[in-house]
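>>> Give me a 3D structure for the following:
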Amino acid sequence: MGRGGERVETTESLSFTADKAGTIKQRGGKITWDEVRQHKTPQDAWLVYRNKVYDVSGWQDHPGGNVIFTHAGGDCTDIFAAFHPLGATSYLDPFYIGELEPGSDKKPAAQANFERAYRDLRGKLIAGGFFKANPLYYVWKVVSTVALAVGAWMLVAWSQNLGVQMLSAFLVALFWQQCGWLAHDFLHHQVFKNRALGDLAGIVIGNVFQGFSVAWWKNKHNTHHAVPNLVESSPDAQDGDPDIDTMPILAWSLKMADRAQQYSWGPFFVRHQSLLYFPILLVARISWLMQSFLFVFDSVPGASLWATKGATAERQAIKNVGLEKVGLVAHYLWYGALMLCHMSLARALLYFLASQMMCGFLLALVFGLGHNGMAVYDADARPDFWKLQVTTTRNVTGSWLVQWFCGGLGYQVDHHLFPMIPRHRLGKLHGLVEGFCKDHGVKYHETNMWEGTKEVLAHLSSVTKEFVADFPAM
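Next up is the predicted model:
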């Protein structure tokens, strides 16, 4: 099992080895898919990229975090292309161990043709300039978003009236929500091709403005993109979507609901989850703030209680940890000053709860529409990249106001297929993706916000019914 590109040889070692220059000394035959699939945990991870096999076992300092392990034991060709610039494959060279045995995947000709077609589409989008951002668009987005915070501050400085203060709290909540979408664009490297600049902008917008650690968010979000709506194959694997790992509060499949029995109050939540969905959204931001803060300040007592899977290894790979900490402290300083300089302690507490809960609802409502209630797969039974992204994702239709509110994520399907395409080009991309799906018989779902929310609640209710039918005594 290799680590960091250095191979440890034993008598039972692999039939390939890398010398110090990264060149390959072949000592055996080709590698079959059956052999690749046996290596699917972070400590024992093989990947296939364009029919080449790489052993990335224990590569904890991968620049993108633990997302590298989501496709352990599988083909990462298309998700790698979705996240990386041209030329990034050179980072894989030290981990190369051999070639995939031709035909060992037993892939049908129709599937192989389909994969070639969508890879050709990606090439056409690159040639057509779809990945180039308009700087003026993002200048406008930053200025107009900051204006929400300025308006919120002006309101509390102008009046001590409770209604005015609650309007200010709503503007702060909306400011944070829109910062979430803006940081999302910068951290997907839609704006700057220089990734260091994108990360720095992310710290300003994410840490300072919104109060979420960039490192925490990127590890969580990149993994979600790689394996949307997948339930992990085993406890020691890293192939599950953290965004649907909401047990024991919400269950998105019967397999997840089965885990409710591990908690004394788990069955209660699963039985009533469609009714509790909106109240849960109200406290979502507070939960994320706690996870984010303690991810960065991990020496705080009790930090481990809020740690997510793989967090220990992810913390070790945090870049700009000093800036991350300064950014979060700056966030709480300006937010605290906004309240305490203009309000009594009681009013400040009310303002805090109102702004946090309104933002949690505004953020989570859009998150839920994107994926909740769509197909959920076991990681061992995932479809190919394109079909996984399309069948687990919902587009939201509506006016320009709806698209502004959703931060471009009304085009969630299109964004998931091409996450580095800037927000302002998603409308044009949508027509191409929709046509491609229709031509190739791939399910493509979109609906309005009202119907989408009803679908989410109906899905939760259907999981509850299955759970009650299987465990009537619970």
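>>> and Val36, what does it touch?
46, 48, 53, 73-74, 100 (C-beta atoms under 8 Å, 6 or more residues apart in numbering). Every residue, glycine included, has its C-beta placed from N, CA and C.
>>> Now with 6 Å, please.
Residues in contact with Val36, defined by C-beta atoms under 6 Å, 6 or more residues apart in numbering, are 46, 48.
>>> go on, Leu409?
So Leu409 contacts 366, 370 (C-beta under 6 Å, 6+ apart).
>>> one more time with 10 Å, if that's ok
180-181, 184, 366-367, 369-370, 393, 395-396, 403, 415-416, 423, 426 (C-beta atoms under 10 Å, 6 or more residues apart in numbering).
>>> got a winner among those residues for most neighbours?
Comparing the contacts of Leu409 by number of neighbours (other C-beta atoms under 10 Å), His415 comes first, having 28 neighbours.
>>> ranges for the strands of the stretch 351-474 of the chain?
377-378, 395-397, 446-448 (DSSP state E, counting those that start in this stretch).
>>> Rebuild the ones you listed as CSV, extending it with mean pLDDT.
Conversion of these to CSV gives the following (pLDDT from 0 to 100):
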stretch, mean pLDDT
strand 377-378, 89
strand 395-397, 95
strand 446-448, 94
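>>> which of these sits most buried?
strand 395-397 (a mean of 20; mean count of other C-beta atoms under 10 Å).
>>> elements contacting that one?
Counting by 3 or more C-beta pairs under 10 Å, 6 or more residues apart in numbering; DSSP states H and E, the packing neighbours recorded for strand 395-397 are helix 345-371, helix 400-405, helix 412-417, helix 426-439, strand 446-448, helix 449-470.
>>> who's the spatially closest residue to Gly410 that is not a sequence neighbour bridged to?
Among residues not flanking Gly410 along the chain, Val396 sits closest, at 4.1 Å (C-beta to C-beta, 6 or more residues apart in numbering). Note on Val396: beta-bridge partners by DSSP bridges are Thr447.
>>> contacting residues around Val396?
Per C-beta under 10 Å, 6+ apart, neighbours of Val396: 366, 369-370, 402-403, 405-406, 409-412, 446-449, 451-453.
>>> likewise Leu323?
By C-beta under 10 Å, 6+ apart, the neighbours of Leu323 are 199-200, 203-204, 207-208, 214.
>>> what about it, is that helix, strand or coil?
For Leu323, the assignment made with DSSP: H, G, I helix; E, B strand; the rest coil gives helix.
>>> Show me which positions of the host helix or strand of Ser292 end up buried.
Using DSSP states H and E, the element containing Ser292 is helix 284-296. Across helix 284-296, burial judged by 16 or more other C-beta atoms under 10 Å covers 284-285, 288-289, 291-296.
>>> Does that helix pack against any helices or strands, and if so which?
Using 3+ C-beta pairs under 10 Å, 6+ apart: helix 284-296 touches helix 162-187, helix 214-226, helix 311-316, helix 321-340, helix 345-371.
>>> closest to Ala469 out of the strands of the stretch 351-474 of the chain?
strand 377-378 (19.9 Å; C-beta to C-beta).
>>> who does the closest residue to His39 other than its chain neighbours bridge with?
Excluding the flanking residues, the one nearest His39 by C-beta to C-beta, 6+ apart is Trp46, at 3.8 Å. In this entry, Trp46 is beta-bridged to Asp55, by DSSP bridges.
>>> got any ranges where this protein has weak pLDDT?
The model of the chain has pLDDT under 70 over residues 1-29, 301-317, 470-474.
>>> my read: Thr393 touches Gly370, true?
Yes - using C-beta atoms under 10 Å, Thr393 is in contact with Gly370, at 6.3 Å.
>>> joint contacts of those two?
228, 409, 412-413, 415-416.
>>> between the residues you listed, which is closest to Ala379?
Using C-beta to C-beta, the shared contacts of Thr393 and Gly370 come closest to Ala379 at Pro228, 11.3 Å.
>>> what sits against that closest one?
241, 243-244, 370-371, 374-377, 382, 388-393, 412, 416.
>>> Excluding residues flanking it in the chain, which one is nearest Met358?
That would be Ala173: by C-beta to C-beta, 6+ apart, it lies 3.7 Å from Met358.
>>> my guess is the one you found contacts Cys359, does it?
Yes - between Ala173 and Cys359 there is a contact under C-beta under 10 Å: 3.8 Å.
>>> Show the contacting residues for Gly73.
Counting by C-beta under 10 Å, 6+ apart, the residues that Gly73 touches are 33, 35-41, 44-48, 233, 237, 239, 379-380.
>>> Try it again at 6 Å.
37, 39-40.
>>> Now which of those residues would you call buried?
39-40.
>>> I'd like the contacts of Gly73 as a markdown table, with secondary structure appended.
Shown next, in a markdown table, are the contacts of Gly73 (three-state DSSP):
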| residue | secondary structure |
| --- | --- |
| Arg37 | coil |
| His39 | coil |
| Lys40 | strand |
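>>> Closest one of the contacts of Gly73 to Phe130?
After measuring the contacts of Gly73 against Phe130 - C-beta to C-beta - the closest member comes out as Lys40, at 33.3 Å.
>>> Name the nearest residue to that closest one, sequence neighbours excluded.
Per C-beta to C-beta, 6+ apart, closest to Lys40 is Gly73, 3.0 Å.
>>> gap between that neighbour and Lys255?
19 Å (C-beta to C-beta, to the nearest Å).
>>> same check, this time on Val396
Following C-beta to C-beta, the distance that separates Val396 from Lys255 is 27 Å.
>>> This completes my enquiry, with thanks.
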